[in-house]
Structures are given as structure tokens and as C-alpha cells.
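> Test case, fold it:
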Amino acid sequence: MAVTLKVTFGERGEWAVLKVAGELDLVTSPVLRQRVHDAVADGRHRLVLDLSEVVFCDSSGVGVLIATRRLIRSCRGRLRLILPGHGAEGGTSRANGAEGGGGSHVNRVLAALGVRRLFDVYPDVTSATDEEARPLSA
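Okay, here's the model as predicted:
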């Protein structure tokens, strides 16, 4: 089975939205890292990473998320993640074959590593790009 990651770019108001789907691991994480750097190089300092369709994330994927946070903060920008709070429909965890939602896997990984609190997390693009919306609690 081939390891795949798809990153698509969109805009919503002043926010750049990168929708990430597939597996975020050692092989694929450089793709996301490059897309983030491209967005920042284009002057986009308000970034939403939609991780709701990420079905697997390992430590290198977490590393990219932390590096993205650091990069955006150095530009005095804002970073928001989209992660379902708990199992959404579909998706299977590559690690144990258990049923679970896409981005909920990333949410569990970030929480297990104790870094979930570093990120402003929202349930969907609409709330992530709304200046009045509050992030989900860690």
C-alpha cells in the first residue's frame, strides 16, 4: 500500500487554508512542511491547517505541526488547526486498525504527547476563520 498525502490550498477571507488528507509521517511530512513554507513566503501569516482527513500521524508529522507553529509565531501570524474532537465517520487507524475519525487520530496523538494545548483547535473551517469564535478546550 502506497503512503499518500494530499495537501490542497484554499482561502477564506484573510486566512490561507491548507486541507491535509491521508497519512502524515516520515515520508509525507516534508510535503506539508513545504506547502506551509510556500504559504508563508507568499505573505500568508494567518494559516488554518485542516487535519480532519488525516488518518495517521507519527512523530515527524507532529514535528511539522510544532515547526509550523514556531514559524507562524516568528512572523507574528496566527495558526489554527481543524481537528474533530472525537471519532468522526469513516477512517481507520493505521496503527491498530481501530475505527476512528480522520483528524481525531491527530487530536489523540497531540494529547498523548502533551502538546495539544500549544494549538488553537477548531471543529471546522467556518469557526477557524471566524474572528469571534473561541478554540475548543485542550
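
> Please make it C-alpha for all contacts and neighbour counts, starting now.
Noted.

> strand partners of the strand or helix carrying Leu49, parallel vs antiparallel please.
Following DSSP states H and E, one finds Leu49 within strand 46-57. Sheet partners assigned to strand 46-57 using DSSP bridges are listed as strand 15-24 (parallel), strand 78-82 (parallel).

> Next secondary structure element downstream of the last one?
Spelled out, that is strand 78-82. Following strand 78-82 in sequence order, the next helix or strand is helix 102-113 (DSSP H and E).

> tell me which residues in stretch 107-121 are buried?
With burial defined by 16 or more other Cα atoms under 10 Å, the residues of stretch 107-121 counted as buried are Asn107, Arg108, Val109, Leu110, Arg116, Phe119, Asp120, Val121.

> Quick one: these as JSON lines, columns for pLDDT and distance to Val31 too.
As requested, the buried residues of stretch 107-121 are exported to JSON lines (pLDDT from 0 to 100; distance: Cα to Cα, whole Å):
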{"residue": "Asn107", "pLDDT": "92", "distance to Val31": "20"}
{"residue": "Arg108", "pLDDT": "91", "distance to Val31": "22"}
{"residue": "Val109", "pLDDT": "94", "distance to Val31": "20"}
{"residue": "Leu110", "pLDDT": "94", "distance to Val31": "20"}
{"residue": "Arg116", "pLDDT": "93", "distance to Val31": "22"}
{"residue": "Phe119", "pLDDT": "96", "distance to Val31": "21"}
{"residue": "Asp120", "pLDDT": "95", "distance to Val31": "22"}
{"residue": "Val121", "pLDDT": "95", "distance to Val31": "22"}
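
> how would you label the spatially closest residue to Arg33 that is not a sequence neighbour: helix, strand or coil?
In this structure, Arg33 finds its nearest non-sequential neighbour in Val64, 6.0 Å apart by Cα to Cα, 6 or more residues apart in numbering. Counting by DSSP: H, G, I helix; E, B strand; the rest coil, the backbone at Val64 sits in helix.

> elements contacting the helix or strand of the chain with the lowest mean pLDDT?
Least confident helix or strand of the chain, by mean pLDDT, DSSP states H and E, is helix 102-113 with a mean of 86. The helices and strands touching helix 102-113, judged by 3 or more Cα pairs under 8 Å, 6 or more residues apart in numbering; DSSP states H and E, are strand 46-57.
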